[in-house]
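> Provided below for reference: sequence and predicted model.
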Amino acid sequence: MSAYQAPPVPRRVLAWRADRPDELVSREWLVTNGLGGYASGTVAGVCTRRYHGFLVAALPNPLGRVMMLNHVGEEVRLPDRTKIALGWPSYAGPPSSGGLALAEFSLEAGLPVWLFRGHGVAIERRVLMPHGQNTVLIRYRLVEGSRAVRLELRPAVHFRPHDDPVSAPLGDPYVLRAVENRFELSAPGPLPPLRLHVDGRRSHFIVQGRRTADILYTIEESRGYDARGVLYTPGQFRAELAPDAPVVLVASAEPWDTLMTLSAEQALRAELERRRGLIEQAHPDARDGAAAELVLAADQFLISPVGRGADHVRARAAGDEVRTVIAGYHWFTDWGRDTMISLEGLTLVTGRELEAGYILRTFAQYVRDGLLPNMFPEGESGGLYHTADATLWFFHALDRYLQAARDARTLRLLLPILLDVIEHHLRGTRFGIGVDPADGLLRQGAPGYQLTWMDAKAGDWVVTPRRGKAVEINALWYNALRLMERWLDEAGQRQRAGEMRELAERVRGSFNRRFWSPEAGHLYDVVDGEEGDDPALRPNQLLAISLPHPVLDAAHWAAVLDAARGALLTPAGLRSLAPGHPDYKPSYHGDLLTRDAAYHQGTVWSWLIGPYVDAHLRVHPDDRAGAREALAGLVDNLGDAGVGTVSEVFDAEPPFTPRGCIAQAWGVAELLRCLVATAPARGGGG
């Protein structure tokens, strides 16, 4: 027997052109803490979003996520007393020709590492957040140069909810308290203080309180938001940086006893080992290459929400723990739909079945009137229920979990809730969601609400209302009925199982009569809509093929797949509407109204590659290589925009510019799942 070898830790080195410094500003990094908190910024160090900072702490409700450390100014004093900037010296502007230039940026085990070089020295910077803490560690190491240098670090802050505009009042006065080498910076209000500490040789702090000049956040400006704001800095840390003496800036919202339990070196080793363990437990086809990177990216979305205390009380009483999924960084919270679509890729492909069970049981506690919450607003404990599909995706996610975990207990606990969901849909529930007794199809729609995943809304304008009988809603409804048929049969409830079978067969017959359009050669997007049947070519119809129980007759599978491939498939995912439609928008940019008008009207969505690959494999089960070709563009995107992760959306036309969130749960999950599903078959051997 050969000795066990741990899988390699992924490393991605970013390449850029020296004459294109804008590439360093357009690429962003992300580190998370398992609570919903994060650190993020541009590779260059320029703050371009309201969300860029070294510590966004996830605090108990109603506080939510709060920006607590926005920036750190960095300068180096050389042995000859020359003072130079580390990388880009200002909050915005061109690189300094006299500073230490950024020579390399990489992700090691998913964590960002910068290498700055010049003047005979090279300095490495790393950023990490200990798992489960609202703490960030910024570690500096002298990797070239035989003599010590002095590192000068100036933290800059603007305590505010992370969604608040950068122009929000600074909140003076900030009060600095010091005990030996520990510092606490406080502002008026209910927020905890920011605790600051430098672990380094000959470290000390110089009090120099001042405001920065106005800072321009260029992405905020391009999106039509307030784009100028100031920061406050209390002073400057100084420490000696030598080959054998790294310097670590620690910033935290945690109590000192938590913060000081581990040294910086212990925290780094622990986090690297945790990440190695994530790769080791993942599916064998996800332990190297791009898939291994995505295993680490998937970890960023799985959190234990600190804000909803009642969830933790209920879970612990039942011997459980609370887990949920952040839908996207930087601004999304946890969404029911996104969580259920993402669950297989984030937890089952990654070998985290235990957490999948926590997620499903957590969300089951929130079912009301037969509906799963659509989302949990920032800083609130209650969910919003305006969704027609999240609940139906719950059935699909549970099925994938049960296939992987064989967890009969969870099915037994949830089966009464699932039956209640079916009954509410048959009788009719909120927002006009209910079965049409005339044909057994599921209809939905209420004025002022956007109930499907195409949920853009600007003011009172619902951009894609899709009221009526939507194609993917009925594909999901049919799949749920077939799953219930099996689960009830296995539970010995044969009569109820028979009722589910009859309902499903009626849905299948009605679906194939109503949704197939011989003239278009594909499925209607909505039937019985406000303006009749909608023949728009959208990717939603792929779910009629891709789900485990496809509702569409097999005779039409190839035509639907061909239509999607010809008009919707791009290197970055699928367009949300085919070119040529009057409402088609080629680009997703501009202010909120302009973006919302394009959000589902052509804009490419990364997560849709999952249903496309599943449909391809259903039509061409022996062509895994062909299905895998559709993933190449998204794999390439791992080096752009959010480095090491998958963007939410892309422009609908070349060059398919990444837009929206830099890291989206279902984009990561579906790409990872599909990479494993299409991996070349492993050879046998003894």
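On my side now, so go ahead. Numbers count the residues shown, from 1 in each chain.
> Show me how far stretch 623-641 is from its chain's centre.
Mean-position distance between stretch 623-641 and its chain equals 18 Å (C-alpha atoms, centre = their mean, to the nearest Å).
> Only the buried residues of that stretch, if you could.
Neighbour counts using 16 or more other C-beta atoms under 10 Å place 624, 627-628, 630-631, 633-635, 637-638, 640-641 of stretch 623-641 among the buried residues. Yep, even glycine has a C-beta here, placed from its N, CA and C like the rest.
> Break down the stretch 451-600 of the chain into its helices, ranges please.
Secondary structure of the stretch 451-600 of the chain (DSSP state H, counting those that start in this stretch): helices at 471-490, 494-514, 543-546, 557-567, 592-598.
> can you redo the ones you listed as CSV with mean neighbour count?
CSV is the format used below for the helices of the stretch 451-600 of the chain (neighbours: other C-beta atoms under 10 Å):
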stretch, mean neighbour count
helix 471-490, 24
helix 494-514, 17
helix 543-546, 26
helix 557-567, 17
helix 592-598, 18
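> Break down the stretch 151-300 of the chain into its helices, ranges please.
Under DSSP H, counting those that start in this stretch, the stretch 151-300 of the chain gives helices at 218-222, 256-259, 264-281, 289-299.
> which helices and strands does the third one pack with?
It refers to helix 264-281. Helices and strands touching helix 264-281, by 3 or more C-beta pairs under 8 Å, 6 or more residues apart in numbering; DSSP states H and E, are strand 111-118, strand 121-128, strand 135-144, helix 289-299.
> Same check on the second one?
With contacts defined as 3+ C-beta pairs under 8 Å, 6+ apart, the packing partners of helix 256-259 are strand 194-199, strand 247-252.
> still on that earlier bit, for L151, which of the helices and strands packed on helix 264-281 is the nearest?
Of all the helices and strands packed on helix 264-281, strand 135-144 sits nearest to L151, with 5.8 Å by C-beta to C-beta.
> what pairs with the closest one, and is each one parallel or antiparallel?
strand 121-128 (antiparallel), strand 247-252 (antiparallel) (DSSP bridges).
> isn't L631 right up against R673?
No - using C-beta atoms under 8 Å, L631 is not in contact with R673; the gap is 10.4 Å.
> sorry, back to before: switch the helices and strands packed on helix 256-259 over to CSV; also include mean neighbour count.
Shown next, in CSV, are the helices and strands packed on helix 256-259 (neighbours: other C-beta under 10 Å):
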stretch, mean neighbour count
strand 194-199, 23
strand 247-252, 25
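> mind giving me CSV with these and columns for mean pLDDT and distance to N374?
CSV is the format used below for these (pLDDT from 0 to 100; distance: least, C-beta to C-beta, whole Å):
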stretch, mean pLDDT, distance to N374
strand 194-199, 97, 34
strand 247-252, 98, 33
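> where exactly do the helices run in the stretch 301-450 of the chain?
309-317, 336-343, 353-364, 390-405, 408-427.
> average pLDDT across the shortest one?
Right, helix 336-343. Here helix 336-343 scores 97 as its mean pLDDT.
> Compare the helices of the stretch 301-450 of the chain and give me the one nearest L552.
helix 390-405 (16.2 Å).
> quick revisit: can you say which of the helices and strands packed on helix 264-281 is packed in most?
Among the helices and strands packed on helix 264-281, the stretch with the highest mean neighbour count (mean count of other C-beta atoms under 10 Å) is helix 289-299, at a mean of 25.
> now for that one, which elements pack on it?
helix 264-281, helix 665-677.
> Mind checking the ones you listed for the one nearest to P586?
Across those, closest to P586 is helix 665-677 (C-beta to C-beta), at 20.3 Å.
> pretty sure W487 is touching L418, no?
Yes - the criterion here is C-beta under 8 Å, and W487 meets it with L418 at 7.4 Å.
> For this protein, which element, helix or strand, carries the lowest mean pLDDT?
Sorted by mean pLDDT, DSSP states H and E, the helices and strands of the chain end with helix 309-317, the least confident at a mean of 78.
> contact partners of it?
Helix 309-317 has contacts (C-beta atoms under 8 Å, 6 or more residues apart in numbering) with 60-61, 305, 321-322, 358, 361-362, 365, 381.
> mind redoing it with 6 Å?
With contact meaning C-beta atoms under 6 Å, 6 or more residues apart in numbering, helix 309-317 is reached by 321-322.
> Brilliant, that's me finished.
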